[in-house]
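*Asks:* Dropping a prediction and its sequence here:
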Amino acid sequence: MSKMLEEIRQQPDALARTLRGAMREARKLRARFEQKRPRLVVLAARGTSDNAAQFGRYLIEIATGIPVSLAAPSVYTLYESSLDVRDSVTVAISQSGESTDTNIVLERARASGSFTIGITNEVDSSLAGLAEATFLVRAGREKSVAATKTYTGQLLILYLLAWALGARIAENDLQGIPDLAAQALTLEPEIGERAQRYRFMDHAVAIGRGLNYANAFEFALKLMETCYVVAERFSGADLMHGPIAMVERSFPVFVFAPAGVTWEGMRELTVKLDQLKAETLIITDRSNREAADMRHAIVLPTRLAAKRHRPDELYTPIPYIIPAQLFAACLADVKGLNPDQPRTISKITRTL
């Protein structure tokens, strides 16, 4: 069994530890931001952490109304530009805390008057030393190159950051996320069987919208780095603006399909994919009855229906990515590949 698969299974416990450990910092930041609300949040990250940042952008903008920018580190590192980031919060997200360019973004932002926050899995990292406030992802050491438990831990921290910024996120709802992750893990036998069908897959598309847009990026990344599949990722809307031309009979398409405001567009997309006779696999939950009844659907064994104060899909991203992680790990095994040590890449990547 791969370390990647072991670490996927560790996520309920890792999420529970992360939540317990991070609440104190979240409360301190909430008190700070109640006194002075930032006009802008800037998120800096690379790789899997950048996918988490993409989720953070949607979450914070939807839940707080504060504009969010995804930093382009080369603006600082290659072009040596100085940005006016006063009255903002700059957040660097890095599993190792040793990503050179994201650390430079944080350091320059702090010098320019931005309040800085680090999100990392390593308490003694350079990032933790640079940031004025630090959220620790308490996932334990991640041994597989393919990040899994640190990604979901970062998503959980971003919920806490949104809460600290004033989002109407209920602490009781967050307490339920580890259990949602545990329920998602029960799908492993079914996903292992489904992966057999994709043994010879060498290209694919992953689709998500809104809060699950980041998961499309993360799933595609996992397919690329662990299974050597050329995997594109799009929002459902962007796919219809041209790229759908590449979809033909038996073309693999993976769709994140929660209930809520994104479903109408996703429904129209799945109809189009059926007409094209694509090989479509949908990740959904029992709240979305229409999607759950589709022939090629992986259905989480729970209902993630909305409460009146929040969007339907608010808490779907963490449980929804777990079936995708399992699929990548199982497919790598089917293909005879080692997802823990993908060719040409390492656990810590330093770029400028």
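*Replies:* Structure's in. What do you need?
*Asks:* Now do the contacts for Met23.
*Replies:* Leu160, Glu171 (CB atoms under 8 Å, 6 or more residues apart in numbering). In short, each C-beta sits where N, CA and C put it, glycine included.
*Asks:* If I look at it, what pLDDT would I see?
*Replies:* Looking at Met23, its pLDDT reads 96.
*Asks:* for Glu80, same thing?
*Replies:* pLDDT, read off for Glu80, is 89.
*Asks:* before we move on, what about the one 4 residues further on?
*Replies:* At Asp84, the predicted lDDT confidence score is 90.
*Asks:* quick thing: my sequence starts at 593, can you match it?
*Replies:* Sure thing, new numbering starts at 593, so read that last one as Asp676.
*Asks:* Double-check that it belongs to a strand.
*Replies:* No - the assignment for Asp676 is coil, going by DSSP: H, G, I helix; E, B strand; the rest coil, so no strand is present there.
*Asks:* Can you get me a residue count around it?
*Replies:* 9 (other CB atoms under 10 Å).
*Asks:* ok, it touching Ser704?
*Replies:* Yes - the criterion here is CB atoms under 8 Å, and Asp676 meets it with Ser704 at 6.9 Å.
*Asks:* hmm, who's touching stretch 593-600?
*Replies:* If you take CB under 8 Å, 6+ apart as the criterion, stretch 593-600 is touched by 731, 734-736, 738, 740-741, 777, 818, 914, 917-918, 920-922, 924-925, 930-932.
*Asks:* Just checking the distance from that stretch to the centre of its chain.
*Replies:* 18 Å (CA atoms, centre = their mean, to the nearest Å).
*Asks:* So which bits of it are buried?
*Replies:* Neighbour counts over stretch 593-600 (16 or more other CB atoms under 10 Å) mark Ser594, Lys595, Met596, Leu597, Glu599, Ile600 as buried.
*Asks:* Could you do stretch 816-823 as well?
*Replies:* Buried-residue list, stretch 816-823, by 16+ other CB under 10 Å: Met816, Glu817, Thr818, Cys819, Val821, Ala823.
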